[in-house]
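1. Sequence first, predicted model second:
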Amino acid sequence: MILSKEFFPRECFFPQLRVVSIRQPAEIKPRRSLPFYARTSSTSWEASSSNNFVRKIDDLPRVDDSTKNQRSIDTETSPSKLSELSFDKLQQSDKENNEGLRRAFGRFVAREAALDEEYWTASWLRAEAHWESMPHMRHVDNYKRKYAEQEFNALKRRCAGREGNSLKCVCIVSVKKEDPNIRRTVLNSVVGTLDLSIRLLLLGEKIPGENKRVCSIPAIHDTNRYAYISNVCVSKFARRQGIASNMLYLAIDVAASSGMKQLFVHVNADNTPAQELYRKVGFEVVDGTSAAPPDQRLLMCLKL
């Protein structure tokens, strides 16, 4: 039934309604999760030690599938977290740590690292040595801490046998001798460190780090195995006490006990004190690398 206008009184008011179209809500796209290195901080920083400047990195590289797989492996099997370290942990006594080869000299003992706190202290010593030439650089302590964290994780991976052509890696540390009247923490006990690794030559290589294009696949033969020394450093306040040379002697013993016939080390061509140290122990410059420019490295070898 249709009602006419006469049906309603004149005083009746008819509101004029306007229909407004309802907008559909925009589609909410799922937020893509950031890579693990982007979640740690809003910006990342890279320090350049060659020209003493700091460069801000805003554009993070894309991560391909292979990198994602490697990252998942590293996170699932990652070593002890830094938050679990006890920086006031006391140094182990000789009875608690009497395994493996060791070398006693003066007030110190060179042996294999056993505690995560010793690995961390070794990493911090390497950070100190890396930034030693730039003590007045702004925020240098932050860069040292970042360097030490990265080196700690890398060191734990190396010692777990999860790096490249390295079959085995041993972190050697020099610690102060046990004193019944003094209880030292690990941080105050470790004064020197180096890495000894058992490696395989890559296909096409005749010597480690040969300057020629080689295949990245290791040559799996016993004759291609060799020992390699790296990351030799001593605390600034404990130098000139025979710490570096005695750690090298212990590394030689460990390499010989592992059946190695050659022990290699790289040294900067302009680092004369280091070259004299290695020659004192018995290393010789490999033929073909003695004419390297000052900004390159020499390869030295010791036959066991």
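-> It's in.
2. outside of stretch 173-189, which residues touch it?
-> Identification of contacts with stretch 173-189 by CB atoms under 8 Å, 6 or more residues apart in numbering yields 87-91, 93-94, 104, 107-113, 115, 117-118, 121-122, 190-193, 234, 243, 246-247. Where you see a C-beta, it was placed from the backbone N, CA and C, and this is true even at glycine.
3. Please check these and keep the buried ones.
-> 91, 108-113, 115, 117-118, 121-122, 190-193, 234, 243, 246-247 (16 or more other CB atoms under 10 Å).
4. would you list every one of the strands in the protein?
-> Using DSSP state E, the strands found in the chain span residues 44-48, 53-57, 102-105, 108-112, 166-176, 190-200, 225-234, 262-268, 284-285, 297-303.
5. In the sheet, which strands lie alongside the third one, parallel or antiparallel?
-> Its sheet considered, strand 102-105 pairs with strand 108-112 (antiparallel) by DSSP bridges.
6. what angle do the partner strand and strand 190-200 make?
-> Relative orientation of strand 108-112 and strand 190-200, computed by axes from the mean of the first three to the mean of the last three CA atoms, to 10 degrees: 30 degrees.
7. Kindly format the C-alpha coordinates of strand 108-112 as CSV.
-> Taking Å, rounded to 0.1, in the frame of the first residue of the first chain, the C-alpha atoms of strand 108-112 are listed here in CSV:
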residue,chain,number,x,y,z
PHE,A,108,102.7,-18.6,33.5
VAL,A,109,101.3,-21.8,31.9
ALA,A,110,100.4,-22.3,28.3
ARG,A,111,97.6,-24.8,27.6
GLU,A,112,94.4,-25.3,25.7
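8. what does that strand contact?
-> 97, 100-104, 170-177, 191-192, 241, 243, 246-247, 249-250, 254.
9. before we move on, what about stretch 83-98?
-> Contacts of stretch 83-98 (CB under 8 Å, 6+ apart): 111, 114-117, 120, 175-176, 178, 183-187, 189.
10. Between the two ends of it, what distance do you get?
-> With CA to CA, to the nearest Å applied, stretch 83-98 spans 28 Å between its terminal residues.
11. What average pLDDT does it get?
-> In this model, stretch 83-98 carries a mean pLDDT of 85.
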